[in-house]
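Chemist: Next comes the sequence, and after it the predicted model I'd like to discuss.
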Amino acid sequence: MPLRRAGGQRNHKGQRNDDGNPPSRRVIRNAKIAALPIGFAGRRMAGAGRRALGTPAEVVDRDIQRRTAQHIFEVLGELKGCAAKLGQILSVYELALPPELAEPYREALTRLQDSAPPMLPATVHQAMAASLGPEWRSNFREFEDRRAASATIGQVHRAVWHDGRAVAVKVMYPGARAAVLSDLEQLRRMCSLVSVFVPGADVRAVTEELSACIRAELDYAAEADHQRVFAAAFAGDPDFRVPEVVAQRGDVIVSEWLEGIPLHRVISSGAQAERDRVGLLALRFVVSAPERCGLLYADPHPGNFRILPDGRLGVVDFGACEPWPVPQFHPLVREVADAMLNGGPGELEAAARKHGFATAQHSFDEQALAAEVRPFTDILLHDNYQMDKEWLRRQVMRFLNPRLNNVNRHLDLPAYCAPFARSVVTMLGLLCQLGTTGPVRDEMLRWSPELAEVVERHRERAGQPTDLTVVRLRRAAAQERNTAAG
């Protein structure tokens, strides 16, 4: 029986066959994932020895976090599939590291994104036939065997549909579904490792929620349905383009091809004015989606956006979408934001407990919590705000501070908030990579009447005049909703 490895497999003669699929034999994937908690335990034991010899506990704990994160990224990048998706979510951690410590993470993340070799043409043809039938080529005038882009559980090929349209063909790696489901079982068993990054969360509940999100991304029929909803909602929009779904069967989605500049090029070399414009557009797309589509876009990372020749923002990949809002969400936004802006530490503590961020059994420093959320309230108090890596670094390093008196260690994350948290964290990472500066607050208030009311109440308390920009934006959003409903 040949042994499948990360870069392919070797036959009984030791010859390598690179087909580009993720390693799918359960025993191999399980062993790689099981090595993560074992390595974590070993680092903690070694850290105890270092502390006993006089190394400051803060230095030891931070080193454990750094080395654990690097190990996680390396293993997840090698496995791809579900594991790589979780690594992608954790990639914001690399952005938050001081520059002198970030290089190992950057190298690991580069492998995470680029390590999977492309499927050989024969494997691509096999996957296409499995979903579209043995005569699959009759659907296309042209089909490029070389991949145009890679994804965590598949890859994209450029083609020409039988009616002459340029299309993108997204095809899942053979064996990816079984590999992802196997990963999820293992990740449930080692979910306590998440405490390295989210120390106070109900780790099991949050892991189950994230697992459900990742499992849903295996359903290409549901992804195509999500894309159709977005394409209809944003049809004719002057700022956005969502490609139409041309066909979907099995593990293949055929969509209109979007010709554009990948967002990572803007991040690396774009002029600041373009970075600001694109960042605000991406934010508007994400915050407006629940109102316009009834869906949360939970995966706004740079690979899912393109700058089109006419300046619009093209959006692809709709696997990570959730029905939104859930019933608890609007009251949570209204009451927590009101406590943050218009209340004191006592009101913030009461709102945090009411909405599941802390239980009656857990005590915490309410003053510390108020200080913790202040940088985020600042976004709501300024007409223009600058988002950059240094800002993100300060927030994440404060959140991950290993000291026992870190208030985050005493808080929880309600499981239903996990998809929203994923979207927010990824969106913040994108804005900070772009260094976006501009009316971030107004983009948020335009689509959240709850937040707009809270901000206006703050202005009244401070004796400031009504913010006519907020009023105008709320009126424009209401008109868009009425137009869409009509």
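Modeler: Good, I have the coordinates.
Chemist: Please parse the chain into its domains.
Modeler: What automatic domain parsing lists as the domains of the chain is 3-116, 121-172+219-323, 329-413+448-485.
Chemist: Mind checking those for the one nearest to residue 430?
Modeler: Proximity to residue 430 (CB to CB) singles out domain 121-172+219-323 among these, at 5.8 Å. (C-beta placed from N, C-alpha, C; glycine too.)
Chemist: pLDDT on the helix or strand encompassing residue 49, on average?
Modeler: Using DSSP states H and E, residue 49 sits in helix 26-52. What helix 26-52 shows for mean pLDDT is 67.
Chemist: about what we covered before: next, format the domains of the chain as TSV and append distance to residue 421 and mean neighbour count.
Modeler: TSV is the format used below for those (distance: least, CB to CB, whole Å; neighbours: other CB atoms under 10 Å):
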stretch	distance to residue 421	mean neighbour count
domain 3-116	10	17
domain 121-172+219-323	9	18
domain 329-413+448-485	6	16
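Chemist: quick one, which of the ones you listed is nearest to residue 185?
Modeler: Across the domains of the chain, residue 185 has its closest neighbour in domain 3-116 (8.4 Å, CB to CB).
Chemist: pretty sure residue 54 belongs to a strand, no?
Modeler: No: counting by DSSP: H, G, I helix; E, B strand; the rest coil, residue 54 is not found in a strand; it is coil.
Chemist: For it, give its distance to residue 133.
Modeler: 69 Å (CB to CB, to the nearest Å).
Chemist: Ok, residue 371 next?
Modeler: Distance, residue 371 to residue 133, using CB to CB: 61 Å.
Chemist: again, but for residue 253
Modeler: Residue 253 is 16 Å from residue 133, where distance means CB to CB.
Chemist: Residue 219 now?
Modeler: Distance from residue 219 to residue 133, by CB to CB: 20 Å.
Chemist: again with residue 422
Modeler: On the measure of CB to CB, residue 422 and residue 133 end up 36 Å apart.
Chemist: can you check residue 177 too?
Modeler: 19 Å.
Chemist: okay, and for the chain, where does confidence drop off?
Modeler: Within the chain, the stretches with pLDDT under 70 are 1-41, 65-66, 69-70, 72-117, 152, 183, 186-203, 400-404, 464-486.
Chemist: switch to 50 and redo it
Modeler: 1-20, 22-24, 112-115 (pLDDT under 50).
Chemist: Relative to the longest strand belonging to it, what are the paired strands and their orientations?
Modeler: Counting residues, the longest strand found in the chain (DSSP state E) is strand 140-150. Strands that pair with strand 140-150, judged by DSSP bridges, come out as strand 154-161 (antiparallel).
Chemist: following the partner strand, which helix or strand shows up next?
Modeler: Heading C-terminal from strand 154-161 (DSSP H and E), you reach strand 166-172.
Chemist: tell me which element residue 211 is part of?
Modeler: Residue 211 belongs to helix 203-216, assigned by DSSP H and E.
Chemist: What count of nearby residues applies to residue 415?
Modeler: Residue neighbour count, defined by other CB atoms under 10 Å, stands at 18 for residue 415.
Chemist: Run a quick neighbour tally on the closest residue to it other than its chain neighbours.
Modeler: Spatially, and ignoring its direct neighbours in sequence, residue 415 is nearest to residue 205 (3.9 Å; CB to CB, 6 or more residues apart in numbering). A total of 16 residues lie near residue 205 under the criterion other CB under 10 Å.
Chemist: ok, now the one 3 residues further on?
Modeler: Using other CB under 10 Å, residue 208 has 16 neighbouring residues.
Chemist: Repeat that for the one 10 residues further on.
Modeler: Residues lying near residue 218 (other CB under 10 Å) number 18.
Chemist: thought it was touching residue 178?
Modeler: No: assessed by CB atoms under 8 Å, residue 218 is found out of contact with residue 178, at 10.0 Å.
Chemist: can you give me the offset of stretch 46-64 from its chain's centre?
Modeler: 32 Å (CA atoms, centre = their mean, to the nearest Å).
Chemist: then that stretch to CSV, C-alphas only?
Modeler: Below are the C-alpha coordinates for stretch 46-64, written out as CSV (Å, rounded to 0.1, in the frame of the first residue of the first chain):
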residue,chain,number,x,y,z
ALA,A,46,10.6,22.6,29.8
GLY,A,47,9.3,26.0,30.8
ALA,A,48,8.7,24.9,34.4
GLY,A,49,12.4,24.0,34.5
ARG,A,50,13.5,27.4,33.1
ARG,A,51,11.3,29.2,35.7
ALA,A,52,12.8,27.2,38.5
LEU,A,53,16.3,28.3,37.2
GLY,A,54,15.2,31.9,37.4
THR,A,55,13.9,32.9,34.0
PRO,A,56,11.0,35.3,34.4
ALA,A,57,7.6,33.6,34.0
GLU,A,58,6.5,36.2,31.5
VAL,A,59,9.5,35.5,29.2
VAL,A,60,8.9,31.7,29.5
ASP,A,61,5.2,31.9,28.8
ARG,A,62,5.7,34.2,25.8
ASP,A,63,8.3,31.8,24.4
ILE,A,64,5.9,28.9,24.8
